[in-house]
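Student: Next comes the sequence, and after it the predicted model I'd like to discuss.
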Amino acid sequence: MTQVASTNSPLLHAEQLSSIRGGRVLFENLNFSVSAGQLWQVSGPNGAGKSSLLRILTGLLAPSNGLVSFYGKPLSHNWSEYCEQLLFIGHKAAVKGELSARENFHWQQQLSSTEDIDAWELLEKLGLLGLEDELTARLSAGQQRRVALTRLWATQASLWILDEPFTALDVQGIALLQQRFVEHIQNGGTIIFTSHQSLTLSDLTPEKLSLEYQGEIL
Ligand SMILES: Nc1ncnc2c1ncn2[C@@H]1O[C@H](COP(=O)(O)OP(=O)(O)OP(=O)(O)O)[C@@H](O)[C@H]1O
């Protein structure tokens, strides 16, 4: 895992964050700090702004007001280091439907320079063995999610930002993903994720950030 030089500033700091989308204030004056090694769960009802917040934390969406800092510097001042540290898996599975599970994985491996990981072992772990040459678009939603999640085993990034990573997974898939969370946190990694469900592994006690649905249109 890539590590950044130690500093007294938190890994991520959100200051006075606000987001207005579709004529609605999703959240205002949000302040929080995420330290390296922490697990954070962002929760709240549909439309509360969880995905919007994650996209702001990744730098993909500008906040309407406020600032996100990475080790004490605004993201834009630390952009290449931030991108090296970050793995973002968005709401959509972000796998290439016209590639097989194995090809998707190899593509991710090349992007992340993790060629030493045994593809067959990982595909077996994720229950994709026997489906490895099937076009990903033809797999079920849960299987496609499993293909997307292979990235969590083929990354050197220390900060994972994951939007609804448990969506469509069965009980065994959820357990596997939670176990991967435990490994990453134990290795000093950091995870921010959204989910409508509570984690069930006792080793995982996330910090909670709860957003309310603000119905009022401006
Ligand atoms: N591209 C966009 N342009 C304008 N408004 C948007 C856009 N994307 C999302 N929104 C609005 O922002 C609000 C919050 O959406 P967001 O996806 O952040 O919520 P969420 O909490 O992640 O919801 P869910 O639990 O359903 O995934 C919604 O009302 C949505 O319509």
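Tutor: Nice, I can see it. Numbers count the residues shown, from 1 in each chain.
Student: helix or strand for residue 57, which one?
Tutor: Following DSSP states H and E, one finds residue 57 within helix 50-58.
Student: what about residue 129, distance to residue 120?
Tutor: 7 Å (C-beta to C-beta, to the nearest Å). To be clear about C-beta, it is placed using only N, CA and C from the backbone, and glycine gets the same treatment.
Student: Those two: who's more crowded?
Tutor: Neighbour count, other C-beta atoms under 10 Å: between residue 129 and residue 120, residue 129 has more, with 14 against 11.
Student: neighbours of the closest residue in space to that one that isn't next to it in sequence, just the number please.
Tutor: Nearest residue to residue 129 in three dimensions, chain neighbours excluded: residue 123, at 5.1 Å (C-beta to C-beta, 6 or more residues apart in numbering). Neighbourhood size, residue 123 [other C-beta under 10 Å]: 20.
Student: wouldn't residue 123 be in contact with residue 132 here?
Tutor: Yes - if you go by C-beta atoms under 8 Å, residue 123 and residue 132 touch, sitting 5.3 Å apart.
Student: Mind listing the shared neighbours of these two?
Tutor: Contact with both residue 123 and residue 132 is made by residues 101, 102, according to C-beta atoms under 8 Å, 6 or more residues apart in numbering.
Student: looking at this protein, which helix or strand does the model trust least?
Tutor: Of the helices and strands making up the chain, the lowest-confidence element is helix 101-112, at a mean of 88, by mean pLDDT, DSSP states H and E.
Student: Off-centre distance for the following helix or strand past that helix?
Tutor: Where DSSP H and E defines the elements, the next helix or strand beyond helix 101-112 is helix 119-125. Mean C-alpha position of helix 119-125 versus that of the full chain (C-alpha atoms, centre = their mean, to the nearest Å) differs by 21 Å.
Student: Please name the residues that touch residue 144.
Tutor: Counted by C-beta under 8 Å, 6+ apart, residue 144 has contacts 93, 95, 136, 168.
Student: Compute the distance between the last one and residue 43, please.
Tutor: Which is residue 168. For residue 168, the distance to residue 43 - C-beta to C-beta - is 18 Å.
Student: Can you pull out the residues in contact with stretch 124-143?
Tutor: Contacts for stretch 124-143 (C-beta under 8 Å, 6+ apart): 95-102, 104, 120, 123, 144, 146-147, 149-150, 153, 167-170, 172-173, 176.
Student: out of these, which are inside helices?
Tutor: 101, 102, 104, 120, 123, 144, 146, 147, 149, 172, 173, 176 (DSSP state H).
Student: Kindly tell me how buried residue 141 is, as a neighbour count.
Tutor: 11.
Student: Roughly how far does it sit from residue 176?
Tutor: 16 Å.
Student: residues in this protein within reach of the ligand, list them.
Tutor: Contact residues (C-beta under 6 Å from any ligand atom) of the chain with the ligand: 21, 22, 24, 26, 44, 46, 47, 48, 49, 50, 51, 52.
Student: Now which of the residues you listed would you call buried?
Tutor: Among the residues of the chain next to the ligand, those buried by neighbour count (16 or more other C-beta atoms under 10 Å) are 26, 44, 47, 48, 49, 50, 51, 52.
Student: Export those residues to TSV and append columns for distance to residue 186.
Tutor: Formatted as TSV, these follow (distance: C-beta to C-beta, whole Å):
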residue	distance to residue 186
26	33
44	28
47	34
48	30
49	31
50	26
51	28
52	30
